[in-house]
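*Asks:* pasting the sequence and the predicted coordinates here, then a few questions.
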Amino acid sequence: MYIWAAAIFCFLVLFIYAPQLIYPASPGLANNMIIPFVPGSIPLPKPRVIVSLPGINIFKGKPSFSDNVSKFDELLARAADKYGLDCTLLKAQMMAESLGRPSIISSAGAVGLMQLLPSTARAMGFSNNLRDPQTSIMAGAKYLKHLESTGCYEQPRNSSCDTSADIKYQIAAYNGGSRCNKPAYVTVCNGLTIWECSWFGAYGETRNYVNRVKANYHYLDQNNWGC
């Protein structure tokens, strides 16, 4: 009888205290209810997804030339003065477009030092020979100035673009048209234009172009090769 009583007592002790030995209460918490873990009963936190899009709004590059081309400086200065532009910036753009070669014609049909399409030059009032340095530079300068009021998708500004805040938008529009300055409307590119957002692969050339003009400008400035 005593043996049975002892066995029942031991069973009760194990029944009451065993769960606390297996699932001890958290330190410092009194009367912590112990609930054994059942797979699937507790939702696990979702892994954090880190979106990485290298290259957004980052412009790194090298100048597109190593030797100074000064023979057009007087024409560049005259055009910059007429249209209220930075002469060295105009020269940086000329070097990005043609490397100072007046007779060059692109596969798309752009002609001359400033690589304008004849239709664009005509819209700016220049219908004569775009291989002529003076004509090309004047037409290019006038078009760049024109983009001051139309560069942000045919407007001077929108929610992501303001030509009065940064001339990069005019430079981008010179290459990719004013459409490239539409707002991106992509969460990771909030506040950027579509050419600034690397999700838009079609504007990779424009990103490189803006980068090249910037690099050219700094190179001209550092070497006192401006105009």
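*Replies:* Looks like it came in fine.

*Asks:* who are the contact partners of the closest residue to residue 143 other than its chain neighbours?
*Replies:* Nearest-residue entry for residue 143: residue 124, 5.3 Å, with adjacent residues in sequence omitted and distances by Cβ to Cβ, 6 or more residues apart in numbering. The way it works is simple: take the backbone N, C-alpha and C, and place the C-beta from them, glycine included. Contacts for residue 124 were tallied using Cβ atoms under 8 Å, 6 or more residues apart in numbering; they are 116, 139, 142, 143, 146.

*Asks:* which residue ranges of the chain form helices?
*Replies:* With DSSP state H as the criterion, the chain has helices at 2-22, 73-83, 87-98, 118-123, 133-150, 168-176, 204-222.

*Asks:* and residue 186, how far from residue 196?
*Replies:* Distance of residue 186 to residue 196, computed by Cβ to Cβ, to the nearest Å: 11 Å.

*Asks:* how many other residues sit next to the residue nearest to residue 226 when sequence neighbours are not counted?
*Replies:* Nearest-residue entry for residue 226: residue 88, 3.4 Å, with adjacent residues in sequence omitted and distances by Cβ to Cβ, 6+ apart. Applying other Cβ atoms under 10 Å, we find 20 residues neighbouring residue 88.

*Asks:* wait, isn't residue 88 in contact with residue 227?
*Replies:* Yes. Using Cβ atoms under 8 Å, residue 88 is in contact with residue 227, at 6.1 Å.

*Asks:* low-confidence stretches in the protein?
*Replies:* The chain contains residues with pLDDT under 70 at 1-60.

*Asks:* returning to what we had before: which one (most neighbours) among the contacts of residue 124?
*Replies:* Of the contacts of residue 124, with other Cβ under 10 Å as the count, residue 139 tops at 28 neighbours.

*Asks:* got a list of what that one touches?
*Replies:* Residue 139 sits in contact with 114, 116, 120, 121, 124, 126, 130, where contact means Cβ under 8 Å, 6+ apart.

*Asks:* filter the residues you listed to the buried ones?
*Replies:* Neighbour-count burial (16 or more other Cβ atoms under 10 Å) is assigned, among the contacts of residue 139, to 114, 116, 120, 121, 124, 126, 130.
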